[in-house]
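Student: Can you look at this prediction? I've put the sequence above it.
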Amino acid sequence: MMATKYTLFFLTVLLFWLKTYLVYITQFSLGVNDKMQQFLLFINPISSSLLFLGIAIIFKGRLQQWLLIIINFILSFWLYANVVYYRFFSDFITLSTMTQSTGNAGDLGGSVVSLMYAYDFLFFTDTLIILLLVLFKIVRPSAERWNIRSIFTVFVSAIMVFIVNLSLAETDRPELLSRTFDRNYIVKYLGAYNFAIYDAIQSARSNAQRAMADSSDINEIQNFTKSNYAEPNPSYYAKGKGMNVIYVSLESLQSFIINYKMPDGTEVTPFLNKLAAGADDTTYFKNFFHQTGSGKTSDAEFMMENSLFPLSQGPVFQMKGFNTYQAAPAMMNQRGYETAAFHGNVKSFWNRDQMYKALGYERFFDSKYYDMSQKNTKNYGMKDKPFIKETMPYLTSLKQPFYSKLILLSNHFPFGMDKEDTTFKPGDFGDSVVNNYFQSANYMDQAIEQLFTDLKKEGLLDKSIIIMYGDHYGLSENHNDAMAKVLGKDQITPFDNAQLQRVPLFIHIPKISGGTVSTYGGEVDVRPTLMSLLGIDTKDYIQFGTDLFSKEHRQIIPFRNGDVITNKYSIVGGVVYDNGTGKKVDSSLGKPYETQAKKLLDYSDKVIFGDLLRFYKPKGFVPPDISKINYNTDQKIQPDSNYGASTSTEKEGK
């Protein structure tokens, strides 16, 4: 007989801890890659077990025993619910999915029973063991209450284990909680229960800001955006009306690489260099800047399609996926366009499976549509060449006109390419990451040439506006010593760092001559530019960018860190530099631009945090019906079918 007052508690903690770990390694695909991640996965249930089960030890006797059983059952049920949800969505339950009537949870419908297996009772084995120990009085209730010191020790231990867990996790994956780019990562490092707590805190903060907003908050912002609207340039307005739209996200590509030659004279990006010179009716913006925050690629997508700024802290895709938006895909849906996104990674990465619905994407081709074998993947997903090759049948099967987005991934930190994928020699600048950057950029260049060749072959090149953009920087300030050698400078100054935030923007417009232009702009300016090319009036829309082709385009580029770049000055860390000379000038010259930039960012934040677009609908705009968008029952082209062939099968939901 187990008689000590501590026995049942610690036995329950031990059983629950081991059960949770076994579930992690058998039911979820968390991508555990090394011994540190394996260790963190093993220990992360401890803090949750001590914290939640510790509630029972505040009480004594039979009440304590039954509370242990009840709490254990609730925790087990939550874990099991995540297992069932994961079997269908390959994702974890959040408060948003539970409370939103049209979220992912609604997609399960009547399939829940089919997702339950006969052996699922094993998920409650520890609960059953504890229950039997109590019912058969193998463990008798103790009339003696735990002393305050013992109770305190349990809760302090839970907190200390969590702190150690989080510290090790942040060492292995920096900015784990501030960036929150995938729920899988948080569960892998911190556990399902700590993720639930984190998600609840994030949801509470978000809901509080939203709850305090009302319809009057949008009025001032609406007046501001209307007064700053840039009238279209007649030479470009509606020149692409009715054409397909193809966005291509160029992972981590910075503008310094365009027209750059290696010491032996070899061009790194020969095809993109031709486009910059005006080939294939393409215009290249050499003074275009990324404006992303911690969301990086997802922030760039958000700006491109909403003309809103990202958040100063945290990824908007992850934190505001259930907001109301008036994004480009939704705008195109109501004009008869079919909308589709293509991404060679899991659909939950950066919460795309939810955000894409909110943006109005009817179809989402994620990793389940591609051959994700080892030879085809690296870093964060599929290599660019096989990705483009396998995307083309899906792209050409879309009903025209279509609005589409392709996200390339190969040019991602740490940038090294497999030997079989390239013969391009890496750089020799004393930094392996910088050296590898030239290899992966060259590989991307070849993939883009392949894309243009395929589009031309399929008759789409002359029917499509193609917008290709560098989503964010690839080489951070940590590589400044090597970058100084790359750029032929003695050192990289703060002014130089600001200029290195340039990323390429290419816009292919059929039958409109291209070339390189010097207009200054940022990612928030792209949607107004595209809509103008399509002949769509957006004066009534809430947007914080302006048409890059307009003669009234506002050449002010705000960054989330407070820096501002204009066509005349660069304001970096409060210091104003002349763009022509790179020299410091009177700080008063930058004040008007800083004031304007702050207003733009503040207004955008109010729109997002308050979900203000729910109070305002532009004339003629039709919001996306999220309840009718289901990425789990999309149509998949057979691998052996030709482009656009009629053979298709319904995608199996997983």
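Tutor: Arrived safely, thanks for sending.
Student: Which strands or helices does the strand or helix carrying residue 201 pack on?
Tutor: Secondary structure assigned from DSSP states H and E places residue 201 in helix 192-211. With contacts defined as 3 or more C-beta pairs under 8 Å, 6 or more residues apart in numbering; DSSP states H and E, helix 192-211 has these neighbours: helix 35-53, helix 61-89, helix 95-99, helix 183-190, helix 591-609. No exception for glycine: its C-beta is placed from N, CA and C like everyone else's.
Student: can you tell me which of those the model trusts least?
Tutor: The stretch with the lowest mean pLDDT among the helices and strands packed on helix 192-211 is helix 95-99, at a mean of 62.
Student: Let me know which of the helices and strands packed on helix 192-211 is tucked in deepest.
Tutor: Counting by mean count of other C-beta atoms under 10 Å, helix 183-190 has the highest mean neighbour count of those, with a mean of 22.
Student: and the angle from that helix to helix 35-53?
Tutor: On the basis of axes from the mean of the first three to the mean of the last three C-alpha atoms, to 10 degrees, helix 183-190 is oriented at 80 degrees to helix 35-53.
Student: Quick check: which helices or strands does helix 183-190 pack against?
Tutor: Right, helix 183-190 is packed against helix 35-53, helix 148-172, helix 176-179, helix 192-211 by 3+ C-beta pairs under 8 Å, 6+ apart.
Student: Now do the first one: distance to the chain's middle.
Tutor: By that I understand helix 35-53. 27 Å (C-alpha atoms, centre = their mean, to the nearest Å).
Student: Show me what it is packed against.
Tutor: By 3+ C-beta pairs under 8 Å, 6+ apart, helix 35-53 packs against helix 7-27, helix 61-89, helix 148-172, helix 183-190, helix 192-211.
Student: Could you tell me the end-to-end distance of stretch 302-317?
Tutor: Stretch 302-317 has an end-to-end distance of 8 Å (criterion: C-alpha to C-alpha, to the nearest Å).
Student: hang on, the earlier thing: wait, which of the helices and strands packed on helix 35-53 is closest to residue 138?
Tutor: helix 7-27 (9.6 Å; C-beta to C-beta).
Student: orientation of that closest one relative to helix 192-211 in degrees?
Tutor: Here helix 7-27 points in a direction 80 degrees away from that of helix 192-211 (the same axes, to 10 degrees).
Student: Am I right that residue 350 sits in a strand?
Tutor: No. Counting by DSSP: H, G, I helix; E, B strand; the rest coil, residue 350 is not found in a strand; it is helix.
Student: so how many other residues sit close to the closest residue to it other than its chain neighbours?
Tutor: Counting by C-beta to C-beta, 6 or more residues apart in numbering, residue 350 lies nearest to residue 298, which is 4.0 Å off, once chain neighbours are set aside. For residue 298, the neighbour count with other C-beta atoms under 10 Å is 25.
Student: can you list the helices and strands packed on helix 35-53 in CSV and add distance to residue 497?
Tutor: What follows is the helices and strands packed on helix 35-53, written out as CSV (distance: least, C-beta to C-beta, whole Å):
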stretch, distance to residue 497
helix 7-27, 41
helix 61-89, 41
helix 148-172, 25
helix 183-190, 28
helix 192-211, 31
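Student: Identify whichever of those lies nearest to residue 246.
Tutor: helix 61-89 (28.2 Å).
Student: other SSEs contacting that closest one?
Tutor: helix 7-27, helix 35-53, helix 104-108, helix 125-135, helix 192-211.
Student: Out of the helices and strands packed on helix 192-211, the one nearest residue 153 is which?
Tutor: Closest to residue 153 of the helices and strands packed on helix 192-211 is helix 35-53 (C-beta to C-beta; 9.8 Å).
Student: residues touching residue 415, list them.
Tutor: Residue 415 is in contact with 252, 433, 436, 437, 439, 440, 474, counting by C-beta atoms under 8 Å, 6 or more residues apart in numbering.
Student: The second one: what secondary structure?
Tutor: Look at residue 433: counting by three-state DSSP, its state is helix.
Student: Quick check, it in contact with residue 412.
Tutor: No. Using C-beta atoms under 8 Å, residue 433 is not in contact with residue 412; the gap is 11.2 Å.
Student: Flag the shaky bits of the stretch 551-654 of the chain, pLDDT-wise.
Tutor: 633-654 (pLDDT under 70).
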